[in-house]
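Trainee: following is a predicted model, sequence given first.
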Amino acid sequence: DATNAVWRTFYTNGTEWDGDCRDKLAPEMVLSSPANNTITNVTSQTLICNVTDKSPISNITFYMWNSSGIFNTTTRSLTGYSNSSSLNVSFTSNSYEWSCFATDSFNNRGFADYNHTLIVDLVPPQINFTYPSDLNNSYISRRNISVNLTFLDTLIGIENASIYLFNSSRDLINSTTYNISSIYYVFTVYDDGAYYFNSSVSDTLGNVNHTETRQVNIDTVIPLLDIISPNNGQNYSEVPLSFNLSVSENSSAVYSFDGGITNYTFIVNTSGTGFNASNSTLADGNYLVRFYVNDSAGNLNNTESIN
């Protein structure tokens, strides 16, 4: 029985019609460009919004924001039932969201259904040598070179990182590439001498950063020494007694009468290869004098002694 039926009418958004025939729906918008989740190193971007409505469109407002808050709001007047508006914006390196807000002639208004994300990245990744990387201008007595690197890119992530090893002539002799956030790598070399290493890292947009170049000096040979005085097996009748050495490379040296328990220092010349000392505390007796010579890489020669 439809005698007492009540007919009700609703708008397409589910709101019951109140008898007013005027448009009460917000404009429909599409964020056209740039596409959602755009990642770029181009700072100048043109934002485009498309708008359609059952009533004449009045205006559209562009909204842009980042983690610090609203970055830009710009309102443009529009006409017609279907239109678009564009806005050229200069961005800096950061992650942004943006949307559009439209109003029609009946003051119906609203945002687009969802926001778009835009990442602008002009900043190269951070890169650092960390422990246990060999230090610049270091001298080592092993034939391997340690390189430890860490990287950081806060916006889009690391694409890859490379380490390069050069010989004393600055010729590239080895390299390796990874796509992880840190690298620990040990280069093996087969000859003493000077070596150089550095590294580069790039993000997914091609922003590149470089480390400094470090020099490592490899020396696996003990220093050679020549005992100038005193003479082996000679008797001396007075003090002070002079001790003089000549060494094959820049080194440090001490001498001892008790196998290294008590050591006596030398005065070294400017090249680090000539050493002299004077000892006036010796009593009469027989002495075994042993010399200890260390080069810059820590190679020790303690094989030389005299009576």
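Mentor: Done, it's in.
Trainee: burial count for Glu97?
Mentor: 16 (other Cβ atoms under 10 Å). Backbone N, C-alpha and C define where each C-beta goes, glycine included.
Trainee: what about it, which helix or strand?
Mentor: When secondary structure is defined by DSSP states H and E, Glu97 falls within strand 94-104.
Trainee: what pairs with whatever helix or strand comes next after that strand, parallel or antiparallel?
Mentor: Elements were assigned by DSSP H and E; along the chain past strand 94-104, the next helix or strand is strand 109-111. Under the criterion DSSP bridges, strand 109-111 sits next to strand 94-104 (antiparallel) in its sheet.
Trainee: what residues sit buried inside the strand it pairs with?
Mentor: Asn94, Tyr96, Glu97, Trp98, Ser99, Cys100, Phe101, Ala102, Thr103, Asp104 (16 or more other Cβ atoms under 10 Å).
Trainee: and the residue positioned nearest the centre of the chain, bridged to which residues?
Mentor: For the chain, Ile127 is the residue whose C-alpha lies nearest the centre (Cα atoms, centre = their mean; 1.2 Å). Beta-bridge partners recorded for Ile127 (DSSP bridges): Phe151.
Trainee: got it, and Leu300?
Mentor: If you apply DSSP bridges, the partners that Leu300 bridges to are Asn294.
Trainee: check whether Tyr287 really touches Asn307, as I assumed.
Mentor: Yes: at 7.2 Å, Tyr287 counts as touching Asn307 under the criterion of Cβ atoms under 8 Å.
Trainee: looking at the two, which is more packed in?
Mentor: Neighbours were counted for Tyr287 and for Asn307 using other Cβ under 10 Å; Tyr287 has more, 14 against 10.
Trainee: backbone dihedrals for that one, please?
Mentor: Here is the backbone geometry of Tyr287 (degrees, to the nearest 10): phi -130, psi 140.
Trainee: so what's it closest to, chain neighbours aside?
Mentor: For Tyr287, ignoring the flanking residues on the chain, the nearest one in space by Cβ to Cβ, 6 or more residues apart in numbering is Phe257 at 5.3 Å.
Trainee: who's in contact with the one you found?
Mentor: Contacts for Phe257 (Cβ atoms under 8 Å, 6 or more residues apart in numbering) come out as Tyr287, Leu288, Val289, Arg290.
Trainee: and the pLDDT at the last one?
Mentor: Okay, so that is Arg290. pLDDT recorded at Arg290 is 94.
Trainee: burial measure for it, as a count.
Mentor: Arg290: 17 surrounding residues under other Cβ under 10 Å.
Trainee: what bridges to it?
Mentor: Going by DSSP bridges, Arg290 forms beta bridges with Ser256, Ser305.
Trainee: helices and strands around the helix or strand bottoming out on mean pLDDT in the chain, which ones?
Mentor: Using mean pLDDT, DSSP states H and E, the weakest-scoring helix or strand in the chain turns out to be strand 305-306, at a mean of 84. Applying 3 or more Cβ pairs under 8 Å, 6 or more residues apart in numbering; DSSP states H and E, one finds that strand 305-306 contacts strand 289-295.
Trainee: who touches the strand it packs on?
Mentor: Strand 289-295 has contacts (Cβ under 8 Å, 6+ apart) with 139, 219, 222-223, 225, 227, 230, 243, 245, 247, 249-257, 259-260, 263, 300-302, 304-307.
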